[in-house]
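Q: sequence unknown, structure follows:
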Ligand SMILES: O=C(CO)[C@H](O)[C@H](O)COP(=O)(O)O
């Protein structure tokens, strides 16, 4: 099967190489064409425009896999693709799109005779390259059509079809919410170790915890890699971005009236990490000083 892959960022590039290794015929394109040159050197067919990519399918049903940032770039790409595609061709959104946007895109494309699938992709760059974790949603017929590719490029037991359009991105969104909470718990554990009277070696700790403990896993192994590179993370500033998935998870928790304190707190902790002024703490310190004369640290 041929796949037209649009978007050669870190994840898209790795996924293209994975597909090629799995015997999938990939035609790859990217907005900035130097990436197309680069991937062509890896033995993947590069296309210098969407039209060139689509034309490379000949009479075959087109399967176009988008690996572009969520939001406006997905819509822009879809609009450019629509005039180039034939009835029943398939567009896959492999990014972290909001599931409600996915459902709306599915409905719009269905109305004009195109298929739209959502395939949430996890496992980071290494997973995309060597065996991804894939969460698919969409109509059954097009999912079954592309399933041989999904099965090949995913790690063993790391692919699932979850049903209606949007469900793949929904499952990925909740996955990312969980990811926030798990990372926050790991961070807090090391924070307490750091504050303790013991002179704990974090690299050793994360190595030991990565081998046979209840909390072993990919995140702990990555934590170990980070401590190997920088024993006390002195090169890293403690500000953490949040690109949207946990915000949407919280919107769902509120909509469904489900209590999700860990994910909520981990998202707000990230927001707070960006706030140099820590104005709320200033306010709390000022209040304590006002009512109790408690000490205020002066800048
Ligand atoms: O999808 C992912 C992993 O599964 C990405 O790592 C995730 O998008 C990063 O999100 P954020 O910037 O919000 O931490």
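A: Happy to help now that I have it. Keep in mind that what you see is a predicted model, and the values were worked out from it rather than measured.

Q: Which residue, other than its chain neighbours, is closest to residue 227?
A: Computed as Cβ to Cβ, 6 or more residues apart in numbering, the closest residue to residue 227 that is not its neighbour in sequence is residue 203, at 4.0 Å. Every residue, glycine included, has its C-beta placed from N, CA and C.

Q: Same check on residue 42?
A: Spatial nearest neighbour of residue 42, excluding adjacent residues (Cβ to Cβ, 6+ apart): residue 17 at 6.2 Å.

Q: Then residue 35?
A: Residue 35 sits nearest to residue 8 (Cβ to Cβ, 6+ apart), 3.9 Å away.

Q: hmm, back to that, state the helix or strand in which the residue nearest to residue 42 lies.
A: helix 10-21 (DSSP states H and E).

Q: now that helix: mean pLDDT?
A: The pLDDT scores in helix 10-21 average 98.

Q: close to the ligand, is that helix?
A: No - figure legend: helix 10-21 not in contact with the ligand (Cβ under 6 Å from any ligand atom); closest approach 8.5 Å.

Q: which residues of the stretch 1-150 of the chain fall in helices?
A: 10-21, 34-40, 50-55, 72-81, 99-111, 124-130, 140-153 (DSSP state H, counting those that start in this stretch).

Q: With mean neighbour count as added columns, please give those in a markdown table.
A: Shown next, in a markdown table, are the helices of the stretch 1-150 of the chain (neighbours: other Cβ atoms under 10 Å):
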| stretch | mean neighbour count |
| --- | --- |
| helix 10-21 | 21 |
| helix 34-40 | 16 |
| helix 50-55 | 17 |
| helix 72-81 | 16 |
| helix 99-111 | 17 |
| helix 124-130 | 17 |
| helix 140-153 | 17 |
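
Q: Of all these, which one is nearest residue 66?
A: helix 72-81 (5.6 Å; Cβ to Cβ).

Q: okay, how far is it across stretch 23-34, tip to tip?
A: For stretch 23-34, the first-to-last residue distance is 24 Å (Cα to Cα, to the nearest Å).

Q: do the same with stretch 44-63
A: 16 Å.

Q: contact partners of it?
A: Contact partners of stretch 44-63, identified using Cβ atoms under 8 Å, 6 or more residues apart in numbering, comprise 1-4, 6, 16-17, 20, 25-29, 33, 36-37, 39-40, 64, 77, 80-81, 84-86, 88-90, 92, 145-146, 149.

Q: number of nearby residues for residue 59?
A: Per other Cβ atoms under 10 Å, the neighbour tally for residue 59 reads 5.

Q: Could you measure from it over to the ligand?
A: 36 Å (Cβ to the nearest ligand atom, to the nearest Å).

Q: just to revisit the earlier point, hang on, the residue nearest to residue 227 packs against residue 226?
A: No - look at residue 203 against residue 226 with Cβ atoms under 8 Å: they stay out of range, at 9.1 Å.

Q: could you give the mean pLDDT of stretch 184-195?
A: Rounded mean pLDDT across stretch 184-195 is 94.

Q: Next: stretch 110-121.
A: 98.

Q: Just the buried residues of that stretch, please?
A: 114, 115, 116, 117, 118, 119, 120, 121 (16 or more other Cβ atoms under 10 Å).

Q: show me the contacts for the fourth one.
A: Contact criterion Cβ under 8 Å, 6+ apart gives 90-93, 136-139, 142-143, 146, 165, 168 as the residues in contact with residue 117.

Q: Residue 190: helix or strand, and which one exactly?
A: helix 167-195.

Q: now that helix, how far from the chain's geometric center?
A: Offset of helix 167-195 from its chain centre (Cα atoms, centre = their mean, to the nearest Å): 13 Å.

Q: I'd like to know how far the residue of the stretch 101-250 of the chain found nearest the ligand sits from residue 72.
A: Residue of the stretch 101-250 of the chain nearest the ligand, by Cβ to the nearest ligand atom: residue 243 (3.5 Å). Applying Cβ to Cβ, to the nearest Å, the value for residue 243 to residue 72 is 14 Å.
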